[in-house]
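Q: have a look at this prediction, sequence included:
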Amino acid sequence: MNDTPDETHVHVHFTQDEPEKSRWDWSWIQPGKNLGALACAWIPSNIWAATLHDVDREQGPEAAWVMGGFILTVAVIRLVQNHRFFNRFLVWAAALGMVLALPVFRTVVDVMTGGGR
């Protein structure tokens, strides 16, 4: 007879599960870079606001909104194409200049009510 006990084999299989991916990718926000770009854009945005204010006074609010909207659109397109600091700076300078110079609340009310004053 054989005195060795029956060997028991245990097989363990490890499967590596994929980590669950979030539906929303918020990595582009990057608050540190945005705060830095906002801080750097403060003085140029005041210059941009003065320019928009002059256009508003000379040509009317529609011209200032078109000019500011065009520059903001170009800056956002550049940011979407390339997430560099300079492009982030341009977006903040354009947006902050528009907020400082243009009557945002009055314009929103005009757009929502048909602009009939």
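A: Done, it's in.
Q: any weak-confidence spans in this structure?
A: 1-6, 115-117 (pLDDT under 70).
Q: now the helices for it?
A: 31-40, 42-59, 61-81, 85-101, 104-113 (DSSP state H).
Q: buried ones in stretch 65-74?
A: Neighbour counts using 16 or more other C-beta atoms under 10 Å place 65, 67-68, 71-72 of stretch 65-74 among the buried residues. Any C-beta I mention is one placed from the backbone N, CA and C, and that applies to glycine too.
Q: quick check: the gap between the closest residue to Ala93 other than its chain neighbours and Trp48.
A: Computed as C-beta to C-beta, 6 or more residues apart in numbering, the closest residue to Ala93 that is not its neighbour in sequence is Ala41, at 3.9 Å. As defined by C-beta to C-beta, to the nearest Å, Ala41 lies at a distance of 9 Å from Trp48.
Q: joint contacts of the two?
A: Common contacts of Ala41 and Trp48 (C-beta atoms under 8 Å, 6 or more residues apart in numbering): 93, 96.
Q: enumerate every residue touching the residue nearest to the spatial centre of the chain.
A: Central residue of the chain (C-alpha atoms, centre = their mean): Ile29, 6.3 Å from the mean position. With contact set as C-beta under 8 Å, 6+ apart, Ile29 has no partners.
Q: and the gap between Phe14 and Trp24?
A: Counting by C-beta to C-beta - Phe14 and Trp24 are separated by 30 Å.
Q: same deal with His53?
A: Distance from His53 to Trp24, counting by C-beta to C-beta: 38 Å.
Q: of the two, who's got more company?
A: In terms of neighbours (other C-beta atoms under 10 Å), His53 is the more surrounded of His53 and Trp24; the figures are 15 against 6.
Q: the more buried one: what's it in contact with?
A: Applying C-beta under 8 Å, 6+ apart, we find His53 in contact with 64, 101.
Q: Leu96 now?
A: Taking C-beta under 8 Å, 6+ apart as the test, what Leu96 contacts is 38, 41-42, 45, 48-49.
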